[in-house]
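Engineer: Here is a sequence with its predicted model. Questions after.
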Amino acid sequence: MRYSPMWRKQRREFHANFNQAVVEIYHPIILDERIGFVKALSSHPSDYSEHTKTYFTNIVITATYGIKPKGLDDPLVTKPNVTNDGFSIAGRTGAFLVDLVPWLTYVPEWMPGAGWKKAARYFRETALESRVAPFKLVYDRYKQGIATPCVATRMIENLPEANDPNYEEAYKIAQDSSGQVYVAASDTSFSSAIAFFLVLSMYPEVQKRAQKEIDEVVGYARLPDFNDRPQLVYLQALIMELLRWHQPGPLAIAHSTSEDDVYEGYFIPKGTIVMGNIWHILHDPEIYLDPLDFNPDRFIKDGKINREVTDPTEAVFGFGRRICPGRYIAVETLYALISSVLAVFDVSVPKDENGKPDIKPSFSTGLLCHPDPFECSITPRSDRHKELIQNLLAADLSNA
Ligand code: HEM
């Protein structure tokens, strides 16, 4: 596949802001948001899906623009959501006839059968709006010296002088790279987190094991933080197993071959669209025994993470030069959410006549794959945990 110079530059901007070495700078935002999340969950547990969405949305937009959205109906959120919808629809190879009959690209928008053109224009225009306005706002604030440091300000700092011939292109790259963050980050991370609630509902014994470990390592007086992670081996394995068991993007994004190739006797000409079957890789029974089961123990040996078992992060975030550049922050945000829920809440569904959780998981299909909505009960684990939540609420009131 040929990569445009613009794509390469955007990719570099993205990497500079989200690589493994810098990802810690987002810890304060993540830890702050997870407190809001725990409080919202304790007040309105049945809205867990909305709270989860808010958690990721707030982290991603605050990290990118230094501005916390006013809610899920803030235009900072609603505009890129339209882009997400368009991406999900158009990203499925074959979704539109033009994918199979390329000359349809040249028919005018008013022709019968060319409705996809109108849809594409709408999504393109909204995507542009969603990138232009917030970046301009941060740019203006930066020039006035009042912007909160964030991904966008770091990119603005690196822009050439306004009279430089490269300025316009560099501005666009910075604007588009910033605009890409929410679109790529929110739905994928959300999907993994909802799968986590599903797993807790389906596998109470996994929940109990993870809670026991947190109690032993962290105690009952605070929520887990990033310093606890090395000691929380079962929790680390649980997150690995979550990323193996459920893939937000089971077929990644379409790639294409840059050279003619032969694979197991099949000739694959240059320019062929290829899909990486992440789902299959992470459900290969030769690597992961009983792959449909949720079993964090498959990643543990002698009380440590077993590095001989293939780490699912090698596949769930895609491949090669297109590999997800947000993979490190994705894991950080999931860790904070998952460890906090396990620390203070019990998640459950009613039992069937055999005493097993009465739940049949189902998932949406498409480029992005989400668990379908399901009801579960989310309650504080004990009076001690209720007290911890109340202390978080009280601390918030005294800071107000
Ligand atoms: C659990 C969470 C996530 C999962 C499972 C995930 C997975 C993926 C996958 C499978 C791809 C396609 C890679 C390929 O085609 O080979 C991708 C691309 C991408 N992801 Fe993620 N992602 C997640 C979170 C994030 C976050 C938090 C960000 C941003 C901070 C992000 C930014 C991106 C971008 C910008 C691309 C496009 C890369 C390109 O085309 O060059 N992702 N992601």
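Structural biologist: Done, it's in. Numbering: from 1, shown residues only.
Engineer: Next, work out how far apart residue 382 and residue 61 are.
Structural biologist: Counting by Cβ to Cβ, to the nearest Å, the separation of residue 382 from residue 61 is 35 Å. To be clear about C-beta, it is placed using only N, CA and C from the backbone, and glycine gets the same treatment.
Engineer: again with residue 311
Structural biologist: Distance, residue 311 to residue 61, by Cβ to Cβ: 29 Å.
Engineer: quick revisit: name the residue in residue 382 and residue 61 with the higher neighbour count.
Structural biologist: The neighbour comparison of residue 382 against residue 61 (other Cβ atoms under 10 Å) goes to residue 61, with 24 against 12.
Engineer: Verify the contact between that one and residue 77 for me.
Structural biologist: Yes - proximity of residue 61 to residue 77 meets the contact threshold set by Cβ atoms under 8 Å, at 7.0 Å.
Engineer: what sits in contact with each of these two?
Structural biologist: Taking Cβ atoms under 8 Å, 6 or more residues apart in numbering as the criterion, residue 61 and residue 77 both touch 69, 182.
Engineer: Spell out which parts of the stretch 101-250 of the chain neighbour the ligand.
Structural biologist: Within reach of the ligand by Cβ under 6 Å from any ligand atom, the stretch 101-250 of the chain has these residues: 180-181, 184-185, 188-189, 192, 248-249.
Engineer: out of these, what pair is the most spread apart?
Structural biologist: By the measure Cβ to Cβ, 180 and 192 form the most distant pair in these, at 19.0 Å.
Engineer: out of those two, which sits in the busier spot?
Structural biologist: Higher neighbour count among residue 180 and residue 192: residue 192, with 26 against 20, using other Cβ under 10 Å.
Engineer: which is the next helix or strand following the helix or strand that one falls within?
Structural biologist: Using DSSP states H and E, the element containing residue 192 is helix 167-202. With elements assigned by DSSP H and E, the helix or strand that comes after helix 167-202 is helix 204-218.
Engineer: how distant is that following helix from the center of its chain?
Structural biologist: Centroid separation for helix 204-218 versus its chain: 24 Å, with Cα atoms, centre = their mean, to the nearest Å.
Engineer: Against which helices or strands is it packed?
Structural biologist: For helix 204-218, the packing partners by 3 or more Cβ pairs under 8 Å, 6 or more residues apart in numbering; DSSP states H and E come out as helix 167-202, helix 233-245, helix 327-344, strand 345-348.
Engineer: Rounded mean pLDDT for that helix, please.
Structural biologist: Averaged across helix 204-218, the pLDDT comes to 98.
Engineer: got a list of contacts for that helix?
Structural biologist: 199-200, 224, 228, 231-235, 238, 294, 296, 339, 342-343, 346-348, 357, 381.
Engineer: now the helices for this structure?
Structural biologist: 5-18, 27-43, 48-65, 75-90, 97-100, 115-143, 151-157, 167-202, 204-218, 233-245, 278-282, 313-316, 327-344, 383-399 (DSSP state H).
Engineer: tell me which residues of the fourth one are tucked away?
Structural biologist: Spelled out, that is helix 75-90. Neighbour counts using 16 or more other Cβ atoms under 10 Å place 76-77, 79-84, 86-87, 89-90 of helix 75-90 among the buried residues.
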